[in-house]
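>>> Compute the structure for the input listed below.
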Amino acid sequence: MFPILFLAAFASQAVAAPAASNTTVRNWLYTSQIDNKTLDLLDRPDIEGVQALYSWKSLEPQQDEYDFSRINHDLELVQAKGKRLWVQLQDRTFSIDSNPVPKYLHAPIYNNGSVPQCDGSNCDTHFQIVGWVAAQWNEHVRQRFQALLKAMSTELDGRIYGMNLAETSIIPEENKNNFTHLGYFDGELDNAAYAASVFHESYVVQYVNFWPCEPEDTHNYFVKSFDFFAKHGVGIGGPDLIPYKAGQEDNSYPFLHEYRNKVPISVIAVQEPDLSEINPYTHKKFTRQEFTDYAVEKLGSQIIFWTEGAHWLN
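So this is what the prediction gives:
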């Protein structure tokens, strides 16, 4: 089913608000870069660690030359606080000025290494570039990405608490750059399984929110992917905690709930835009407790990565 490199009840519950949770979720910070504010927040006893972002390009400035100095420096700072570090590996961006892949990949054999992506509901008729995504459907790109994963595991396995691959939702230009939905789907699973095979002590998580061209899951990509993650020891999670959001509850949220006890770990992030979302039951912005109750009761999340802008942190 996956001819690729490495491998050669919720819907009804979503109507009502969950009861207040008695389960303790572990609170972490989420940041693009660890700075003094991050370190100050790590002094809080209710914060277990921090998830920080690192781009592929920053970790492999030249082919086969890896630079993990920033991760190691951040690890020292975080451990000095008695806390833990989680790495989010970015091979896609939502900034036109930020291309996440190394320059050596900008060659025809790699489909330029990365391709433009759009965001929003009008991309079919008005494709406006908002960022870049690594061409993981290209086996040569995947070979290079998996070489990075191997090098990271050699240096960091057991030292970082976990590592996650970026969200699955992308909108590249159709019929260009050899992109196919199946090729992308298989490539994402291949990378996730490979990562889990080389990281033996640190958690590996795949963020899943949407699959391209799957608004109604017509190809059963969600079932296939979550079955795959459970089989290969890949944790699950998502980039946005937005309780009761139809777009989320119609896509990955039911599967985060269903597979919560079938995978090594389940996590979720509260990013800055999520803080502005309105609770349809209270008609107010979500409180910390409402975010937490939904994450625990509806999704089965064990860790919440909170943006440093969360009100309860300030």
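
>>> Now do the strands in the chain.
Applying DSSP state E to the chain gives strands spanning 26-31, 49-55, 84-90, 114-117, 131-134, 162-165, 203-207, 235-238, 266-270, 303-307.

>>> Among these, show me which one is buried the most.
strand 235-238 (a mean of 28; mean count of other CB atoms under 10 Å). Bear in mind the C-beta positions are built from the backbone N, C-alpha and C, glycine included.

>>> Using PDB, list the CA coordinates for that strand.
Taking Å, rounded to 0.1, in the frame of the first residue of the first chain, the C-alpha atoms of strand 235-238 are listed here in PDB:
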ATOM      1  CA  GLY A 235       2.600   9.800  18.400                       C
ATOM      2  CA  ILE A 236      -0.200  12.100  17.200                       C
ATOM      3  CA  GLY A 237      -1.100  15.700  17.600                       C
ATOM      4  CA  GLY A 238      -2.200  18.900  16.000                       C
END
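
>>> State the paired neighbours of that strand in the sheet, together with their directions.
Strands adjacent to strand 235-238 in the sheet, as given by DSSP bridges, are strand 203-207 (parallel), strand 266-270 (parallel).

>>> Just send these back as a markdown table, with mean pLDDT and distance to Tyr281 too.
As requested, the strands paired with strand 235-238 are exported to a markdown table (pLDDT from 0 to 100; distance: least, CB to CB, whole Å):
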| stretch | mean pLDDT | distance to Tyr281 |
| --- | --- | --- |
| strand 203-207 | 99 | 27 |
| strand 266-270 | 99 | 18 |
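
>>> so which of those strands gets nearest Ile34?
Minimum separation from Ile34 across the strands paired with strand 235-238 (CB to CB) falls at strand 266-270, 16.0 Å.

>>> coming back round to it: with distance to Phe255 as added columns, please give the strands of the chain in a markdown table.
Below are the strands of the chain laid out as a markdown table (distance: least, CB to CB, whole Å):
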| stretch | distance to Phe255 |
| --- | --- |
| strand 26-31 | 21 |
| strand 49-55 | 21 |
| strand 84-90 | 20 |
| strand 114-117 | 23 |
| strand 131-134 | 22 |
| strand 162-165 | 16 |
| strand 203-207 | 12 |
| strand 235-238 | 8 |
| strand 266-270 | 10 |
| strand 303-307 | 18 |
